[in-house]
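Peer 1: Provided below are the primary sequence and the corresponding predicted coordinates.
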Amino acid sequence: MTSPSSTKLSGLSLDALLAEGLREATRLSPVAWEPPKPEDLSGLLPGYDIVRLIGRGGMGAVYEARQVNLGRRVALKVLPPELGANEAFAERFRREARALGRLEHGNILEVFDFGESTAGHLFYSMQYVEGGDLGARLKTGPLPQGEALRLVKEICAALEAAHAQGVIHRDIKPSNILLTADGTVKVADFGIAVLDDQPKERLTFTGIAVGTLEYAAPEQAAGIAVDTRSDLYSVGVICYEVLTGQLPRGIFDPPSKVNADVAPALDSVVHTAMQSDPARRFQTANDFRAALSRSGESRALSSRLIPLAAAAVVLLAAGTGFSIWKWNSLPQAAAGSQAVAAPVSGRSIVAWGGNDFGSGASRADLGEVQAIAAGDGFTVALKGDGTVAAWGRNEKGQRDVPAGLSGVRAIAAGGYHVLALKTDGTVEAWGAYESGQSYVPRGLKDVQAIAAGTEFSMALKRDGTVITWGANASGQCNVPAGLTGVTSIAAGEGIAAAVKDDGTVVGWGSFGDGVFAVPPGLSDVRTVALGWRHLLALKKDGTVVAWGINSDGQATVPAGLTGVQSIAAGVKHSLALKTDGTVVAWGIKGKLEWGDPLGQTEVPAGLTGVKAIAAGCRHSVALK
């Protein structure tokens, strides 16, 4: 037998070694390897009494055995002898086995020993677990939420320890999650693991990427570089499965839609873990575990969320999503709207109104800020360096700006999601996703403006056409056929609007209790802003027209209001920024019907020098 050269194997990790050795073994032995019978293997491993063959796979067989000198029960993984005959493979196997042996954690299956049989079988011995595996447990259906979260958090704890040692598992799946008699997780079978300091090139055997397809991260399935976040994607799939009893395939519902006993706050955790882009996933196992702890305790929070309007018209966009979940029914509050005609610059953010989530906190620590946006209980700022900051409410991840996001030229905040328009004309999105509002259409480019509504998103392309995605129960994503020549867009609660280059407004969607209709004869409009169920139009002469629901005066424009340069609309209040840098607000003056603190129409005395405005659900924001 001719062994592959050490040069050929240089830099390969354990799974590469296994794949290379198995290819060599297959070339030499066309007949599939037959593992030894237990009685025969006992003679080949003098230190062990072999009890039975537990199972076999492409890279070896596993036996139950007793380690004679210590009298302990163990599991033995035994590889084909052809692999042991490859000297380079055998040496690398020993080095990698020592690394795996250093993984000491209560949720990792312990590796006791490794060696070679008298017939040349490489083997290692492991802790024997009596209780079975998670795959068998899932045959009875989903787990109760408490048990499911405990198990997933224990898997994260195990991976946190492995990743700290530079070990990436690469085959996290239910059958590799063993459960002791008392239900404790033991992550097993690091047999195709790689060390983090080794190259992660495509490693296959007979053309199949290493790992299990249903649980493999997209980059792993594609055979490109993997890292610790690839393991976290697999844990995200398991998390979905233990909560729902189903594997997430194709277009699938979020966990709380499949299983009513699951807290809706967990949907965003699973969504984050399963992002196709590793940069948008949890970056560490500890982050994943912490998010599970937070979300598992917040079931009651979503019951008080009230649908609200949102719209933000801004310049330029980018991004991708993973899968589209079908559920469109989660009530969500939406953000206020703003219109930005040209880049601005300020250094102080002044907020007023509701501040129960910290969204109404004023900021002067961000340096140069070029744009602001406000959602339901959170605020977003576009900094002068093209990065984004967010603060306030975060149960949908709306405050979790994607790591490394830069080159942003515009932002928009919906009820619980955020859009960012990049200088290359692409769009990024994060936060709530249940209706697909954070799943940017593949290939979307050449965008010049964005808008975020309650559960849907809009993009205005440079050719004057409009793209929408997300919830469509009210027809808000049904862009009128042939709509072109658009210069500005806005999104609200079930309604959408576009301003055309001739100054007219086209609207579509519904209030839910009445069809959205543009006032007859409305013309010379520069931009629009959509609130919960009221609309504002800023005309080219600096005046404002409002229509829609007017329960609290939100659609009653103050008499004599002129000289307006931008507008914003919240749930029941409206804002106008004048050319002299002052702000005018109107609408609700008491409390909203669900009792939240207000004050969003009470503009701070002496506020001047304002460059931009934004209206959230219960708060207002100005950039100075």
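Peer 2: In hand now; what should we look at?

Peer 1: now the longest helix along the chain, how far from the chain's geometric center?
Peer 2: Taking DSSP state H as the assignment, the helix of the chain that covers the most residues is helix 145-164. With Cα atoms, centre = their mean, to the nearest Å as the basis, helix 145-164 stands 18 Å off its chain's centre.

Peer 1: how about the CA coordinates for it, as CSV?
Peer 2: Taking Å, rounded to 0.1, in the frame of the first residue of the first chain, the C-alpha atoms of helix 145-164 are listed here in CSV:
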residue,chain,number,x,y,z
GLN,A,145,-40.6,24.4,26.7
GLY,A,146,-38.7,24.3,30.1
GLU,A,147,-37.1,21.0,29.3
ALA,A,148,-36.3,22.0,25.7
LEU,A,149,-34.6,25.2,26.8
ARG,A,150,-32.6,23.4,29.4
LEU,A,151,-31.3,20.8,26.9
VAL,A,152,-30.4,23.4,24.3
LYS,A,153,-28.7,25.6,26.9
GLU,A,154,-26.6,22.5,28.0
ILE,A,155,-25.7,21.9,24.4
CYS,A,156,-24.5,25.5,24.2
ALA,A,157,-22.5,25.1,27.4
ALA,A,158,-20.8,22.1,25.9
LEU,A,159,-20.0,23.9,22.7
GLU,A,160,-18.8,26.9,24.6
ALA,A,161,-16.2,24.7,26.3
ALA,A,162,-15.2,23.0,23.0
HIS,A,163,-14.9,26.2,21.1
ALA,A,164,-12.7,27.7,23.9
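
Peer 1: test my guess that P604 contacts W352.
Peer 2: Yes. Between P604 and W352 there is a contact under Cβ atoms under 8 Å: 5.7 Å. C-beta coordinates here come from the backbone N, C-alpha and C atoms, glycine included.

Peer 1: ok, those two, which is more surrounded?
Peer 2: When neighbours are counted by other Cβ atoms under 10 Å, W352 comes out ahead of the other of P604 and W352, with 21 against 13.

Peer 1: any idea of the pLDDT on the more buried one?
Peer 2: Confidence at W352, expressed as pLDDT, is 89.

Peer 1: against which helices or strands is the helix or strand containing it packed?
Peer 2: W352 is located in strand 349-353, with elements delineated by DSSP states H and E. Here strand 349-353 touches strand 378-383, strand 619-623, going by 3 or more Cβ pairs under 8 Å, 6 or more residues apart in numbering; DSSP states H and E.

Peer 1: ok, residues contacting that strand?
Peer 2: Outside strand 349-353, the residues that touch it by Cβ atoms under 8 Å, 6 or more residues apart in numbering are 359-364, 366, 369, 372, 379, 381, 597-604, 607, 610, 616, 618-624.

Peer 1: so that strand versus strand 378-383, what angle?
Peer 2: Orientation check (axes from the mean of the first three to the mean of the last three Cα atoms, to 10 degrees): strand 349-353 against strand 378-383 gives 170 degrees.

Peer 1: quick one: strand 349-353 to chain centroid distance?
Peer 2: On the basis of Cα atoms, centre = their mean, strand 349-353 sits 29 Å off its chain's mean C-alpha point.

Peer 1: going forward, the N-terminal residue is numbered 632.
Peer 2: Will do, 632 is the new start, and the previous item becomes strand 980-984.

Peer 1: tell me where the stretch 1032-1181 of the chain has strands.
Peer 2: Secondary structure of the stretch 1032-1181 of the chain by DSSP state E, counting those that start in this stretch: the strands cover 1039-1044, 1048-1053, 1058-1062, 1078-1083, 1087-1092, 1097-1101, 1117-1122, 1126-1131, 1136-1140, 1156-1161, 1165-1170, 1175-1179.

Peer 1: export those to TSV and tack on distance to H800?
Peer 2: Shown next, in TSV, are the strands of the stretch 1032-1181 of the chain (distance: least, Cβ to Cβ, whole Å):
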stretch	distance to H800
strand 1039-1044	35
strand 1048-1053	32
strand 1058-1062	27
strand 1078-1083	37
strand 1087-1092	35
strand 1097-1101	34
strand 1117-1122	42
strand 1126-1131	45
strand 1136-1140	47
strand 1156-1161	47
strand 1165-1170	53
strand 1175-1179	54
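
Peer 1: and of the ones you listed, who's closest to P669?
Peer 2: Comparing the strands of the stretch 1032-1181 of the chain against P669 with Cβ to Cβ, the closest turns out to be strand 1058-1062 (53.7 Å).
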